[in-house]
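Visitor: Pasted the sequence and its predicted model underneath.
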Amino acid sequence: MTAPRTYITTTIPYVNARPHLGFALELVQADVLARRARQRGEQVRALTGTDDNSLKNVLAAKAEGVPVQDFVDRNAATFAALREPLALSFDDFIRTSSDPRHRTGVEKLWRLCAERGDLYRKYYEGLYCVGCEQFYAPEDLVDGRCPDHGTEPQVVSEENWFFRLSRYASQLKELITDGRLRIQPASRRNEILSLIDGGLHDFSVSRSQARAHGWGIPVPGDPGQVVYVWWDALGNYVTSLGFGDDHPDFATWWAGSERRIHLAGKGVIRFHAVYWPAMLLSAGLPLPTEILVHDYLTIDGHKISKSSGVTADPAQLVEQVGTDAVRWWLLREVPRVGDADFTLERLVERANGELAGGVGNLVHRTITMIHRYRAGIVPVSATGTGFEVLGQACEQAPGAIDAALDDFDFRQATSAVWRIVDEANRAIDATRPWQLAKEGRDGELDSALAALYAACLSLATSLAPFQPTAAELITAQCTPIDGGPLLSTALYPWPIDGVLPPSTALFPRIEAS
């Protein structure tokens, strides 16, 4: 029987500046979903990349006085380089300015929509925010300014190509309402339904070569126009699969996946939950099955943004506090709904309290006691009680993690992992293995050490999608030096041949500077 397929994608950011922590959040969330799906035995393909064909990138390059291609090459490299510091496991990385798969795919998508009669030319005048790369109606502005960037939009007048979005309003509503296009959380689903009910207007899908400064993909058959950056960028989800050249990857991973999951921030939900599905309907292609929407990270209440200059560099942050601390804060602190304010102090407090003081302390205490009382050899479980609740936490963790991730709730998912740590440390304090050793209650001590060892291995498995490096360290700490067998999925292990390595600190405490 063929394992189910899951295709997971992030948005692709503009490369007008170095990456910020807000995009790192989305990368880490996507990575968790991909790692957990692989852990369940699914076939997984995870995609990320960069949106190089933006006017923002052109203007930033000109301000710096460097060729646009050199500018985007340099900055795109910093996004690709997040793989190691954030411990990411994406399978593909696409760049829209230089990947040969992309242009052919965008051109094919354009032609399919044109053949459907959904593209037409029209003169247009509107208010355009370069930061958002979109037009705004006057009523959508805040005191005449972009609600995201706080800048006054430009008045733009020109003749462009338009897409007949209005043609697909009822079909989109039906797909979202019956769950074939699932949007999480429900508040975002309701937001999109309200947007559709308010009336969908056709939108511009090209820009003049002059306004685009000659940068981008020319419109097929109309080289005086450049494909609008959002049309261009949204296509990456299929162009990366060789859509333009009928590569087998497209049939395998787009048409053939049971789940096609897009992650996106709330600021771009209109493009991903309305524009993109309508484009796919026009082209006669399958839609994503799920769109998972996260809110913003802020600093002092202001949205983290490259354009605004309110930012935190994830690579530099990892250099300062480590990969585990950064990933853990993003997954434990950011709510399912609502913005999260970032401070280094909160990150350090969470890492020291739960990673060093919780996870690390549990593994250290367990391995140290096995060495102290049983010469580093995991004992056979004998008699004793006090670990029933811990056993339940270990057994229930996989199901609880899956349920939370299906609900796009990373806080709840990590809570299931934390419950193992919490219950194990409670059990240690309640049973006091050192007192059992002192009183010669060997059977109960063996059971305690065996149960705690089993909990550490269960913790490593449950932690792996969230903290892959830490999970590997825990597994290594629990693996006999001679490579003897580890326990089964049962709570208590059978005898292990070999001595465990001496306990080492998994998470040194971070000193905030």
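Guide: Alright, I've got the coordinates. Numbering: from 1, shown residues only.
Visitor: end-to-end on stretch 35-55?
Guide: 35 Å (C-alpha to C-alpha, to the nearest Å).
Visitor: now that stretch, how far from the centre of its chain.
Guide: With C-alpha atoms, centre = their mean, to the nearest Å as the basis, stretch 35-55 stands 9 Å off its chain's centre.
Visitor: and stretch 355-363, which residues are buried?
Guide: Using 16 or more other C-beta atoms under 10 Å as the test for burial, stretch 355-363 gives 355, 356, 358, 359, 360, 361, 362, 363. In short, each C-beta sits where N, CA and C put it, glycine included.
Visitor: Quick check: closest non-adjacent residue to the fourth one.
Guide: Nearest residue to residue 359, sequence neighbours excluded (C-beta to C-beta, 6 or more residues apart in numbering): residue 421, at 5.5 Å.
Visitor: Now do the same for residue 130: its pLDDT.
Guide: Looking at residue 130, its pLDDT reads 65.
Visitor: Pipe the buried residues of stretch 355-363 into a markdown table and attach pLDDT per row.
Guide: Supplementary listing: those in a markdown table, determined by pLDDT from 0 to 100:
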| residue | pLDDT |
| --- | --- |
| 355 | 97 |
| 356 | 96 |
| 358 | 96 |
| 359 | 97 |
| 360 | 96 |
| 361 | 95 |
| 362 | 97 |
| 363 | 97 |
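Visitor: circling back: what helix or strand does the residue nearest to residue 359 sit in?
Guide: helix 410-431 (DSSP states H and E).
Visitor: Please apply the same query to residue 126.
Guide: Using DSSP H and E, residue 126 maps to strand 119-129.
Visitor: Buried residues, that strand. List them.
Guide: Within strand 119-129, the residues scored as buried using 16+ other C-beta under 10 Å are 119, 124, 126, 127, 128, 129.
Visitor: moving C-terminal of the worst-scoring helix or strand of the chain on mean pLDDT, what's the next helix or strand?
Guide: When each helix and strand of the chain is scored by mean pLDDT, DSSP states H and E, strand 134-136 comes last, with a mean of 69. The helix or strand immediately downstream of strand 134-136 is strand 154-163, counting by DSSP H and E.
Visitor: That following strand to strand 119-129, inter-axis angle?
Guide: Counting by axes from the mean of the first three to the mean of the last three C-alpha atoms, to 10 degrees, strand 154-163 lies at 150 degrees to strand 119-129.
Visitor: What is strand 154-163 packed up against?
Guide: strand 119-129, strand 203-204, strand 206-208, strand 222-227, helix 276-283 (3 or more C-beta pairs under 8 Å, 6 or more residues apart in numbering; DSSP states H and E).
Visitor: Given the strand holding residue 126, what are its sheet partners and their directions?
Guide: Sheet pairing here is set by DSSP bridges, and for strand 119-129 it gives strand 134-136 (antiparallel), strand 154-163 (antiparallel).
Visitor: Now that we have these, can you turn them into TSV and tack on distance to residue 232 and mean neighbour count?
Guide: Converted to TSV, the strands paired with strand 119-129 look like this (distance: least, C-beta to C-beta, whole Å; neighbours: other C-beta atoms under 10 Å):
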stretch	distance to residue 232	mean neighbour count
strand 134-136	13	19
strand 154-163	13	16
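Visitor: Of all the ones you listed, which one is nearest residue 392?
Guide: strand 134-136 (49.9 Å; C-beta to C-beta).
Visitor: residue contacts, residue 120?
Guide: Applying C-beta atoms under 8 Å, 6 or more residues apart in numbering to residue 120 gives the contacts 161, 162, 164.
Visitor: ok, so what distance separates it from residue 137?
Guide: 21 Å (C-beta to C-beta, to the nearest Å).
Visitor: where does the stretch 351-500 of the chain have low pLDDT?
Guide: Across the stretch 351-500 of the chain, the ranges flagged by pLDDT under 70 are 382-385, 482-497.
Visitor: which residues in it form helices?
Guide: 361-374, 388-406, 410-431, 433-438, 442-463, 468-477 (DSSP state H, counting those that start in this stretch).
Visitor: Look at the nearest residue to residue 67 once chain neighbours are set aside and tell me its secondary structure.
Guide: Excluding its sequence neighbours, the residue lying closest to residue 67 (C-beta to C-beta, 6+ apart) is residue 61, at 6.9 Å. Under DSSP: H, G, I helix; E, B strand; the rest coil, the three-state class of residue 61 is helix.
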